[in-house]
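Student: Next come a sequence and a model predicted from it.
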Amino acid sequence: MGDERSFTTYVPAMSAPVLAFENLGLIQGSGWLFRNLDLFIGPRDRLALIGRNGAGKTTLLKCLAGLIDSDEGRRTIKPGAKVVLLEQDPPVSRFATLREFALSGPDAPAVHEVEAIATQIGLDLDRPADTASGGERRRAAIARALAQDPQVLLLDEPTNHLDLAAIEWLEAWLSRFSGAFIAISHDRTFLTRLTRSSLWLDRGALRRAEIGFGGFDAWTEKVYEEEARAAEKLDAKLKLELHWLQRGVTARRRRNQGRLAKLNEMRAARAAMLGPAGAARLALENDDVKTKMVIEAEGVTKRYSSTSVAEGGERTIIRDFSLRIQRGDRIGVVGANGAGKTTLLRLLTGEMEPDEGKVVRAKTLTGIMIDQQRRLLDPDKRVRDILADGGDWIEVRGSKKHVQGYLKDFLFDPELVDARIGTLSGGERSRLLLAREFARQSNLLVLDEPTNDLDMETLDLLQEVIADYDGTVLIVSHDRDFLDRTVTITLGLDGSGKVDIVAGGYEDWARRRRQPPEARSTARATPTPPSPPRPRTKLTYKDQRDLDLLPQRIEALEAQIARDEQALSDPDLYRSDPARFAAITSAIDKARAERDAAEARWLELAEQAEALAG
């Protein structure tokens with residue numbers, strides 16, 4: 001494959017590795033999870049470990065930490081070097097207090113080191129472990145890991161359950177860290193800021209590139225393009241599988257770029273409505289806006305009892321909050337843990353009544369809630385039991401769809417339909433819950449930390465689903481990149497009771513927060529300006545023709561897919577004529593791949609045409 005070795009083979013630096021694993025192989029279930037992996041970690045490496053849920057990322061870290069014995073390979077470590085694993089779900093509940101957990105283990109850290117880190121990240125070490133929140137448990141695990149003075153840190157979703165202040169503190173600590181680290185994380189901003197090399201665990205193979213996460217997408221697309229060229233020599237079935245696994249991913253990325261342009265337009269429209277107070281009132285009084293209203297909060301205040309003398313026995317967590325939420329709005333809620341994000345969410349959805357003011361909701365509002373404590377699934381049940389009550393068909397927002405086809409929509413191998421839940425990774429279980437919830441009919445979607453445990457490709461899919469959702473979306477999240485790609489309005493809570501309302505995503509809110517207080521009252525938040533237009537050149541004849549004709553082709557492909565899916569809706573077809581069922585399923589896959597490629601091409605040409613028109 002030509003020059004593939006230039007970016008898939010890693011030659012260690014001159015300095016000896018601190019930790020290495022040669023020819024690593026591990027059997028899981030009936031086959032090899034991965035095999036023939038070589039990994040060398042230098043003294044100052046900053047590595048992002050990327051891969052789909054279920055690819056074996058967490059297992060690989062445990063092999064590197066020496067917690068799992070491999071079936072093949074040799075692990076070597078520099079004498080005296082300490083390797084510390086920050087687990088995704090540490091066993092905190094086995095201990096009486098967070099202090100007891102943080103000081104546990106054969107390599108227990110010094111008390112003063114743990115206490116120093118706990119003070120910096122705002123952790124009460126004497127908090128009972130069984131009542132500690134997810135964020136407090138994560139802070140305790142971080143204090144325990146960092147205080148051990150490691151030479152190699154293995155970080156499994158380190159930002160899960162952390163608020164923005166704690167994430168920024170951890171980023172600052174890692175930027176000063178003199179050792180090496182490998183990080184698994186769904187937080188793109190975290191990885192982009194900190195990593196200098198990327199490890200990609202994909203279909204049992206491990207590739208390494210000496211680029212940080214910021215260049216990961218471009219690198220993987222180059223790999224996919226080379227594999228696609230090689231796939232021309234394979235049979236049709238394998239080519240189809242590559243289309244589903246790879247072209248679907250790259251086409252989705254390109255479509256999401258187009259969606260970002262649309263999102264910026266929505267933000268600009270909302271910025272105009274949220275601008276100077278008088279203009280906002282005038283704009284919101286017209287009939288068209290009033291008919292789109294789904295939630296209206298006016299002068300809302302909520303207090304809780306407090307033991308603080310300074311707070312006079314009660315704390316105002318939301319103060320004089322007013323906002324009109326329209327159909328189609330995507331609202332992001334950000335702030336430190338304890339600032340009132342969940343309270344604000346409960347006030348808006350009617351789970352809680354305000355102490356002052358009022359919240360009016362449209363009578364037709366029907367919502368679904370996906371929270372960060374996602375309901376546990378019975379490990380003995382099968383995937384089809386969760387999605388389709390054991391059958392072959394699932395009701396997806398009012399229409400029937402074959403469960404195997406629906407699994408593909410959520411990036412599952414259709415053959416997993418009869419897999420037991422207990423065999424799925426944590427990320428796969430989260431994705432399965434998302435698939436089940438998104439099948440329900442609703443016009444309000446409430447997502448509380450939806451990105452926890454999800455891989456990058458699932459996050460791309462989730463962004464796409466939210467962008468295409470017809471109703472209103474409320475999102476509480478600490479994932480900065482996710483908010484920047486998703487929401488039209490950000491509600492920022494600082495813990496004092498005030499709620500900043502900013503048109504745009506996290507970066508727009510952060511920019512406003514950095515402004516002096518006197519400037520905030522007059523500044524209007526605007527979306528990040530678009531990149532400079534391309535040089536003015538005339539579209540070629542072929543480009544113009546594709547721009548004109550591709551919409552018709554896309555429409556024809558959509559119609560073909562709809563006809564084939566209608567044919568699959570016959571509940572007896574799978575049993576009576578499995579060959580025809582397989583042929584129709586393959587035709588749908590092929591048409592979807594062609595549609596995705598056509599959409600990506602049209603989006604690229606449309607952006608060029610728009611730049612020329614500007």
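Tutor: Done, it's in.

Student: where's the nearest residue to residue 332 once chain neighbours are set aside relative to residue 157, distance?
Tutor: In space, and not counting its chain neighbours, residue 332 is closest to residue 487: 3.6 Å by Cβ to Cβ, 6 or more residues apart in numbering. For glycine as for every other residue, the C-beta is placed from the backbone atoms N, C-alpha and C. Going from residue 487 to residue 157 by Cβ to Cβ, to the nearest Å gives 22 Å.

Student: Neighbour count for those two, which is higher?
Tutor: residue 487 (30 against 24; other Cβ atoms under 10 Å).

Student: Tell me if I'm right that that one and residue 472 touch.
Tutor: No. Look at residue 487 against residue 472 with Cβ atoms under 8 Å: they stay out of range, at 11.4 Å.

Student: Which neighbours do the two have in common?
Tutor: 330-331 (Cβ atoms under 8 Å, 6 or more residues apart in numbering).

Student: List the buried residues in the longest helix anywhere in the chain.
Tutor: Using DSSP state H, we find that the single longest helix of the chain is helix 578-613. Of the residues in helix 578-613, 581, 584-585, 588-605, 607-608, 611 count as buried by neighbour count, 16 or more other Cβ atoms under 10 Å.

Student: Then stretch 385-397?
Tutor: Buried residues in stretch 385-397 (16+ other Cβ under 10 Å): 385-388, 392-394, 396.

Student: among those residues, which two are most distant?
Tutor: 385 and 396 (16.9 Å; Cβ to Cβ).

Student: quick one: the strands in the stretch 201-350 of the chain?
Tutor: For the stretch 201-350 of the chain, the strands defined by DSSP state E, counting those that start in this stretch cover 205-209, 293-305, 314-326, 330-335.

Student: The third one pairs with which strands?
Tutor: Meaning strand 314-326. If you go by DSSP bridges, strand 314-326 pairs up with strand 293-305 (antiparallel).

Student: Quick check: mean pLDDT of the strand it pairs with?
Tutor: Strand 293-305 carries an average pLDDT of 90.

Student: Surely residue 405 and residue 561 touch.
Tutor: No. Residue 405 is beyond contact range of residue 561, at 10.3 Å (criterion: Cβ under 8 Å).

Student: which residues are common contacts for the two?
Tutor: residue 588.

Student: so where's the stretch 351-500 of the chain shaky on pLDDT?
Tutor: Applying pLDDT under 70 to the stretch 351-500 of the chain flags residues 371-376.

Student: try it again with 90
Tutor: Where the stretch 351-500 of the chain drops to pLDDT under 90, the residues are 362-380, 386, 388-392, 394-416, 421-443, 447-471, 477-478, 485, 494-496.

Student: Okay, helices next: where are they in it?
Tutor: Applying DSSP state H, counting those that start in this stretch to the stretch 351-500 of the chain gives helices spanning 383-388, 403-409, 426-438, 456-468, 480-486.

Student: Can you tell me which of the ones you listed is nearest to residue 98?
Tutor: Comparing the helices of the stretch 351-500 of the chain by Cβ to Cβ, helix 426-438 comes nearest, at 22.3 Å.

Student: Report the distance from that closest one to the chain centre.
Tutor: 12 Å (Cα atoms, centre = their mean, to the nearest Å).

Student: Equivalent analysis for stretch 489-502, please.
Tutor: For stretch 489-502 - counting by Cα atoms, centre = their mean - the centre lies 23 Å from the chain centre.

Student: Residues in contact with that stretch: which ones?
Tutor: By Cβ under 8 Å, 6+ apart, stretch 489-502 touches 267, 270, 274, 301, 316-319, 321, 323, 329-336, 338-341, 344, 483, 503-506, 508-509, 512-513, 520, 525.

Student: Show the buried residues in the residues you listed.
Tutor: Counted by 16+ other Cβ under 10 Å, these give 267, 270, 274, 301, 316-319, 321, 323, 329-336, 338-341, 344, 483, 503-506, 508-509, 512, 525 as buried.

Student: out of the strands of the stretch 201-350 of the chain, which comes closest to residue 139?
Tutor: strand 330-335 (16.6 Å).

Student: partner strands of the closest one, parallel or antiparallel?
Tutor: With DSSP bridges as the test, strand 330-335 pairs up with strand 472-476 (parallel), strand 489-493 (parallel).

Student: TSV for those, including mean neighbour count and distance to residue 377?
Tutor: As requested, the strands paired with strand 330-335 are exported to TSV (neighbours: other Cβ atoms under 10 Å; distance: least, Cβ to Cβ, whole Å):
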stretch	mean neighbour count	distance to residue 377
strand 472-476	23	22
strand 489-493	24	31
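
Student: Residue 565: which of the ones you listed is closest?
Tutor: Using Cβ to Cβ, the nearest of the strands paired with strand 330-335 to residue 565 is strand 472-476, at 26.1 Å.

Student: Distance from that closest one to the middle of the chain?
Tutor: The answer for strand 472-476 is 14 Å, by Cα atoms, centre = their mean.

Student: List the contacts of that strand.
Tutor: 294-295, 325-334, 341-342, 345, 348-349, 443-450, 466, 483, 486-487.

Student: what's the angle between it and helix 456-468?
Tutor: Using axes from the mean of the first three to the mean of the last three Cα atoms, to 10 degrees, the direction of strand 472-476 lies 140 degrees away from that of helix 456-468.

Student: Only C-alpha atoms, please: export strand 472-476 in PDB.
Tutor: The C-alpha coordinates for strand 472-476 follow below in PDB (Å, rounded to 0.1, in the frame of the first residue of the first chain):
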ATOM      1  CA  THR A 472     -36.300  20.900  21.100                       C
ATOM      2  CA  VAL A 473     -33.100  19.700  22.900                       C
ATOM      3  CA  LEU A 474     -31.800  20.500  26.400                       C
ATOM      4  CA  ILE A 475     -28.200  19.400  27.000                       C
ATOM      5  CA  VAL A 476     -26.200  19.400  30.300                       C
END
